[in-house]
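Colleague: Sequence plus predicted model, see below.
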4 protein chains.
Amino acid sequence: MSKIPVGILGATGMVGQMYVHLLSDHPWFEAAYAAASPRSAGKPYREAVAGRWHAPGGWGGAGELIVEDANDLSKALDARRRGRCAFVFSALEMGKEETRRLEEAYAGAGIPVVSNASAHRWTADVPMLIAEVNPHHADIIPAQRKNRGWDTGFIAVKPNCSLQSYLTPLWALMEAGYEIKRLTVTTMQAVSGAGYPGVPSWDMIDNLVPYIEGEEEKSEREPLKILGAIKEGVFVNAPGPVISAHCNRVPVTNGHTACVSLEFGAKKPSIEEAKRIWAEFRALPQERGFPMAPPQPIILREEPDRPQPRKDRDAGKAMAVTLGRIRPCSVLDLRFTGLSHNTVRGAAGGGILNAELLTHKGYLG
Amino acid sequence: MSKIPVGILGATGMVGQMYVHLLSDHPWFEAAYAAASPRSAGKPYREAVAGRWHAPGGWGGAGELIVEDANDLSKALDARRRGRCAFVFSALEMGKEETRRLEEAYAGAGIPVVSNASAHRWTADVPMLIAEVNPHHADIIPAQRKNRGWDTGFIAVKPNCSLQSYLTPLWALMEAGYEIKRLTVTTMQAVSGAGYPGVPSWDMIDNLVPYIEGEEEKSEREPLKILGAIKEGVFVNAPGPVISAHCNRVPVTNGHTACVSLEFGAKKPSIEEAKRIWAEFRALPQERGFPMAPPQPIILREEPDRPQPRKDRDAGKAMAVTLGRIRPCSVLDLRFTGLSHNTVRGAAGGGILNAELLTHKGYLG
Amino acid sequence: MSKIPVGILGATGMVGQMYVHLLSDHPWFEAAYAAASPRSAGKPYREAVAGRWHAPGGWGGAGELIVEDANDLSKALDARRRGRCAFVFSALEMGKEETRRLEEAYAGAGIPVVSNASAHRWTADVPMLIAEVNPHHADIIPAQRKNRGWDTGFIAVKPNCSLQSYLTPLWALMEAGYEIKRLTVTTMQAVSGAGYPGVPSWDMIDNLVPYIEGEEEKSEREPLKILGAIKEGVFVNAPGPVISAHCNRVPVTNGHTACVSLEFGAKKPSIEEAKRIWAEFRALPQERGFPMAPPQPIILREEPDRPQPRKDRDAGKAMAVTLGRIRPCSVLDLRFTGLSHNTVRGAAGGGILNAELLTHKGYLG
Amino acid sequence: MSKIPVGILGATGMVGQMYVHLLSDHPWFEAAYAAASPRSAGKPYREAVAGRWHAPGGWGGAGELIVEDANDLSKALDARRRGRCAFVFSALEMGKEETRRLEEAYAGAGIPVVSNASAHRWTADVPMLIAEVNPHHADIIPAQRKNRGWDTGFIAVKPNCSLQSYLTPLWALMEAGYEIKRLTVTTMQAVSGAGYPGVPSWDMIDNLVPYIEGEEEKSEREPLKILGAIKEGVFVNAPGPVISAHCNRVPVTNGHTACVSLEFGAKKPSIEEAKRIWAEFRALPQERGFPMAPPQPIILREEPDRPQPRKDRDAGKAMAVTLGRIRPCSVLDLRFTGLSHNTVRGAAGGGILNAELLTHKGYLG
């Protein structure tokens, strides 16, 4: 069976490179079209990333692709006609407004867009997917198409990387019947989250920065859409949980750590019950064996000093959330520390898993 | 006017060295006696610390002191007779039980002990002092002496370094009439807090460790004694605030950062009011101009990305707490990030300030 | 075909763990016996390393092995009788003299020892092997056995990790007919080379240490034995090259970098010729396809800013040497920067490759 | 006696800030004029650097200076007329050609330029000064003025920061009568040398970069001019020593470390003699007690593991070179490791010391 040919917009950036790398041996998809800024256009991909390749392994066969200008939709349509671009992953790093318009242009022209960018996260009929949490949100796509008069195109996005270290564990508890009313979370986030060149080394040697622009707002608000419902063709936010986030940048290459204190509703699980729920949690991606899905989405560590970014970020093909330090909270109800790989689970890997979900549901087939 | 000659127990360790350094140009005190483990005994101080001096500057005149065995009380008593040891700073790094006994032996023999060690923090008649917060707790000393039949000796301690980045700000609000009911705090603590050799570099490169043994318990409980009352010659804990702490070790040399979310009682200050209280906060050490006191105990930074450890730990002679990111909290009431220098404010500098307070009150004169 | 069962002495240390990890899917060898200090003896391996596992992946089936006391030779002999220990890898971390005696005891009892330790590097009839450089040195083993009256046992060692980043490239040039008279080398070495806990983080944050005990002597002298000849059953050092080494410790987890300036004899290759020799260099491990051998032992990077430790240490299964910045030297003849993975190529991986070589030559079959 | 009012061009950059900081309590000079890019022009200095102040302390009275556009010479001339700008320090960060022209415009208009920039380092009649090494080179200034028809203006520069960790020690030996024929040097340089934002943190966590553009050429060539002679109004390079440099970027904030192997001419000092020469070395800045001069320009450390950047960079007011590991070299004659503070000794502090020298010689009075 032949692979689905996919395109990558923003293919030369830090997240775009991770897409290329992760797709280099993907069983369903094949990187067959690469687009980036005009500066890279016309060069073979391997040349366009020479001297600035940041992914852990190689680029596979994508090295020989000729990079096209991402702004030039006609190139993508031409590739589509030639069977080289069934849909695109968007890892665009341009301004929010340009990204929004460009993603809409691709979708309007019939090319589905599975995006990493934040531009359409709050668009009312665009699903913001974590495949283990809200796979049913994909089913807004027919309404989205109808709203906009699109036929084959659509836009689906993924949330910010910062919340991936705690939202799936929260969801596992909620799904098991425990309401979560509110939580405080302090993140310690890796520098790769800021792209390249990103954070200056001057600020990350013997130092940390207690602020990341826009990150706390995303950490607090995006979960409400992900946990929300579809009503009349648009998303309605969930009423809770209420989240208070402190987001910090720390000298770590990859891996976002989150210290969480949370409060349940009237029904509260014991520590042992919470651990059991997390250890046993499986969702659609696991049940259907999606290639990018971690076999176990939530991994528990019993050692007192885990999870640690360098040691745990690659667990479950860098797609799992590792939890540790699960204990009662004296202020709210329960405390834990969560960790996930921000450029795999929190970016390219999460995007590919979303595409697997959308393929499974027939929207990309 | 001549300086008061003081001794340092554990003078060759990381905190002991900081004492020696800070005393090298102190206007009231002079390091005149140094004691450490038997291994160092008999050597000139400069030789005992050769190849493992970790303080930022030099040791001043203390380099020529002959190091004595800290276990040998007779040496200290002899120094006392010769006018070389009016009291001691304890920076002992031995086991808790040995520390407890040794500090009691010194005090019992008439030598006051101003300690950094945790051994006596929960002894019912021993004050745990932050000079700006509970200077009146020093007044338990007569009762302590009476309880134990001591004449000139006594023991006074300081709390753990982790809470110094937030307790003084909490106290400033409480003193201004705002009850604080509870708070969640996540600390990102420097490696110097673990002494030397301390945390392996293997664990602090591209990594952090979400656990410090015993640290969360200290962060949560010690404030209750500091904020407590003296009743019938012993301390009674304050009923609150309830504290939930997540303590992390991060790759920073000096400077503990704390992300705090707190809840007030019925009366809640506005953000502006809280800022005003903090900016204007002054206490006994400032009023009396103690040499080690920071002119302004709480320094506010308005930039969105401060405080940062390397850039702010030295503020106010490394004795101030720097606050930033003061903003409402969606879960509790108010959020901020605090930072203090853990081996100065949180260790040797705080100990010296306590000794200044005790001198001012006549207990060390 | 069944795998050869091997033992690991010092199995719980940093290098021992790497052996266990690399053997977890090795096609020829299987970790079937684990020995360590008496403290670990009697525990299942997974329990003995719980909370201090430092290798990048897991331990495979070795987790269930019961750890034995490495000092108790009878346990190893018993395992040998049961077909669980055809030979041992020594990653002992005890003192030099104890290591020497213990390795001799194993070999004397008939168990071949393939060692990482430095104890026997200068024993006159013990080969110090880099499989690509001096595989013929293995052929001293019959003489070694005869000298000592051993039948099946023998000892073979590998050199220090610091020189692996430059010796193979030197050898490739020498083998191509270019004498190397002398060189200056400055290394920037990773902290894993010091084991665990190893270098304190206090010394590796915003800092480097321009000294590693004993390392410069090893870097300068060991190449002379490796390049030496066998004469009458013992090794005679090569007369050169003369090496001057500056060894530094830098804040890197894995990967030793070496800046080399070298001087040729009368015949000097051009830069292009040197590059061609390196790119084309293959040796016995490549020709015979040993499982641990990198397909290309020397990888050239043309970018001006490579090799870099985090980005290049894993090249060639972490067994290759990556070279860059190849250019003329104004003082000597040629300059380059070399990099290799110190705990794989420079330790456990190099040891396994040596065992593959010794198996190939029939000494371990 | 009133201070000389000075201007700073590029006052808001990393080096410009260090100038402002170091001048905040300078006994001879006072920062009275600040110029930067048009973007900062018109703002008070404290506002122009808000959120990007990188110097260790404060800016003193300079905070209230209104920043002017450095391209607008008329502003500087106006300040000069008002007695606010006797000369300027140039810390311009624009392109080389623009810098060259702008510095010439200031000097041509009568304002002496004491520069940190590399633009004029190879201009034949511009002195490149290290105050302890070639103070007599300042005496080319009358010839420079004559060559160009300038009256009060002139240009004097300082060399690159990378060579400051070894050139003064080399000079001390040369001055004592020992010719140095050649040397290999490997530097490990701090990130502040690249300015701000400079090196991305992605490249400086668990990593180093074995390349700094243009740095090796500067390290090798600039010493020849500094050690050269004035002939007929222009500089003639010294014939040696021949230098081969490997320049690396390492995760250190401040402090360049250099590992040096050097070869003497026929006359070779013993190790003890070299140490004695270095320990006793004093030059004009020390003899005349220039304010910025370190009391002892070369500090020897006898511990085997020093100098280290974080621990030694501030020695001698961050203006000294600290040497350690002085030992014979098996390839050349003598080896050592040198360290200096790159943004103080190697940049702003060195520039101020040059201005002190030029004041002493009457060129700035």
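Modeller: Cool, the structure landed.
Colleague: Measure how far stretch A:297-314 is from the centre of its chain, please.
Modeller: Chain-centre distance of stretch A:297-314: 20 Å, with CA atoms, centre = their mean, to the nearest Å.
Colleague: do stretch A:78-95 as well
Modeller: For stretch A:78-95, the distance to the chain centre is 18 Å (CA atoms, centre = their mean).
Colleague: which of the residues in it are buried?
Modeller: Under the neighbour-count criterion of 16 or more other CB atoms under 10 Å in any protein chain shown, stretch A:78-95 has A:79-80, A:84-94 buried. (Each C-beta comes from the backbone N, C-alpha and C, glycine too.)
Colleague: same thing with stretch A:128-145?
Modeller: By neighbour count on 16+ other CB under 10 Å, the buried set for stretch A:128-145 is A:128-135, A:137-138, A:140-141, A:144-145.
Colleague: how near is the residue in chain A positioned nearest to chain C to D:Lys317?
Modeller: Relative to chain C, the nearest point of chain A is A:Asp206 (4.0 Å; CB to the nearest CB). Distance of A:Asp206 to D:Lys317, given as CB to CB, to the nearest Å: 21 Å.
Colleague: quick one, which of those two is more surrounded?
Modeller: Of the pair A:Asp206 and D:Lys317, A:Asp206 is the one with more neighbours under other CB atoms under 10 Å in any protein chain shown, namely 24 against 16.
Colleague: so the closest residue in space to that one that isn't next to it in sequence, which of the three states?
Modeller: Spatial nearest neighbour of A:Asp206, excluding adjacent residues (CB to CB, 6 or more residues apart in numbering or on different chains): C:Asp206 at 4.0 Å. With DSSP: H, G, I helix; E, B strand; the rest coil as the basis, the three-state label of C:Asp206 is coil.
Colleague: ok now do A:Phe281, which residues does it touch?
Modeller: Each residue near A:Phe281 by CB atoms under 8 Å, 6 or more residues apart in numbering or on different chains is listed here: A:132, A:168, A:172, A:175, A:297-298.
Colleague: Pipe these into CSV and attach pLDDT and secondary structure per row.
Modeller: Formatted as CSV, the contacts of A:Phe281 follow (pLDDT from 0 to 100; DSSP: H, G, I helix; E, B strand; the rest coil):
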residue, pLDDT, secondary structure
A:Glu132, 98, coil
A:Thr168, 98, helix
A:Ala172, 98, helix
A:Glu175, 98, helix
A:Pro297, 98, coil
A:Ile298, 98, strand
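Colleague: Could you point out which of those is nearest to chain B?
Modeller: Using CB to the nearest CB, A:Ile298 comes nearest to chain B of the contacts of A:Phe281, at 16.4 Å.
Colleague: Identify the residue nearest the closest one in space, chain neighbours excluded?
Modeller: Of all residues not flanking A:Ile298 in the chain, A:Trp278 sits nearest, at 4.5 Å (CB to CB, 6+ apart).
Colleague: Which parts of the stretch 1-150 of chain A are strands?
Modeller: Ranges of strands in the stretch 1-150 of chain A, per DSSP state E, counting those that start in this stretch, are A:4-9, A:29-36, A:68-69, A:87-90, A:113-115.
Colleague: who does the third one pair up with?
Modeller: Sheet pairing here is set by DSSP bridges, and for strand A:68-69 it gives strand A:29-36 (parallel).
Colleague: show me the contacts for the residue nearest to A:Ile298.
Modeller: A:169, A:172-173, A:298, A:300, A:323, A:326.
Colleague: and if you look at A:Val199?
Modeller: A:Val199 sits next to A:191, A:209, A:249, D:200-202 when contact means CB under 8 Å, 6+ apart.
Colleague: now, which of these sits nearest C:Gly42?
Modeller: Minimum distance to C:Gly42 across the contacts of A:Val199 is 43.8 Å, recorded for A:Val191 (CB to CB).
Colleague: how many neighbours does the closest one have?
Modeller: For A:Val191, the tally of surrounding residues (other CB under 10 Å) stands at 29.
Colleague: coming back round to it: dihedrals phi and psi, the residue of chain A closest to chain C?
Modeller: Dihedral angles phi and psi of A:Asp206 (degrees, to the nearest 10) take the values phi 50, psi 40.
Colleague: now do A:Gly349
Modeller: For A:Gly349, the backbone dihedrals (degrees, to the nearest 10) come out as phi -60, psi -40.
Colleague: thought it was touching A:Ala318?
Modeller: Yes. Between A:Gly349 and A:Ala318 there is a contact under CB atoms under 8 Å: 6.3 Å.
Colleague: Now list whatever residues contact both of the two.
Modeller: Shared contacts of A:Gly349 and A:Ala318, defined by CB under 8 Å, 6+ apart, are found at A:His341.
Colleague: Looking at the contacts of A:Val199, which are in helices?
Modeller: Among those, the subset assigned to helices under DSSP state H is empty.
Colleague: Pick the one among those residues closest to chain B.
Modeller: Minimum distance to chain B across the contacts of A:Val199 is 5.3 Å, recorded for A:Val209 (CB to the nearest CB).
Colleague: The closest residue to that closest one other than its chain neighbours - how many residues pack around it?
Modeller: In space, and not counting its chain neighbours, A:Val209 is closest to A:Arg249: 4.3 Å by CB to CB, 6+ apart. For A:Arg249, the count of nearby residues is 26 (other CB under 10 Å).
Colleague: Quick check, pLDDT for A:Arg249.
Modeller: At A:Arg249, the model reports a pLDDT of 98.
Colleague: dump the residue contacts of it.
Modeller: A:Arg249 makes contact with A:189, A:191, A:193-194, A:199, A:203-204, A:208-209, A:211-212 under the criterion CB under 8 Å, 6+ apart.
Colleague: closest to D:Ile230 among those residues?
Modeller: Nearest to D:Ile230 among these, counting by CB to CB, is A:Asp203 at 44.1 Å.
Colleague: For the closest residue to that closest one other than its chain neighbours, give me its contacts.
Modeller: The shortest distance from A:Asp203 to any residue other than its chain neighbours is 5.6 Å, reached at A:Val209 (CB to CB, 6+ apart). A:Val209 makes contact with A:199, A:203, A:248-249, B:305, B:308, according to CB under 8 Å, 6+ apart.
Colleague: Quick check: A:Asn342 vs D:Glu64, distance?
Modeller: Per CB to CB, A:Asn342 is found 43 Å from D:Glu64.
Colleague: out of the contacts of A:Arg249, which are inside strands?
Modeller: Among these, DSSP state E puts A:Gln189 in strands.
Colleague: wait, which of the contacts of A:Arg249 is closest to C:Asp312?
Modeller: A:Val191 (19.4 Å).
Colleague: In contact with that closest one, which residues?
Modeller: A:198-199, A:204, A:249, A:251-253, D:200-202, D:205.
Colleague: Hmm, A:Ser165 is touching A:Gly338, no?
Modeller: Yes. With contact defined as CB under 8 Å, A:Ser165 reaches A:Gly338; the gap is 4.1 Å.
Colleague: what's the overlap in contacts for these two?
Modeller: Contact criterion CB under 8 Å, 6+ apart; residues shared by A:Ser165 and A:Gly338: A:257-258, A:321.
Colleague: Please identify, among the residues you listed, the one with the most neighbours.
Modeller: Greatest neighbour count in these, by other CB under 10 Å, goes to A:Ala258: 31 neighbours.
Colleague: The helix or strand containing that residue vs chain D: in contact?
Modeller: With elements taken from DSSP states H and E, the one containing A:Ala258 is strand A:256-264. No. Against chain D, strand A:256-264 shows no contacts by CB under 8 Å from any CB of the partner chain, the least distance being 14.6 Å.
Colleague: near chain B, anything from that strand?
Modeller: Yes. Using CB under 8 Å from any CB, strand A:256-264 reaches chain B at A:257, A:259, A:261.
Colleague: re earlier: from the buried residues of stretch A:78-95, which are also near chain B?
Modeller: Here nothing survives when those are matched to chain B using CB under 8 Å from any CB.
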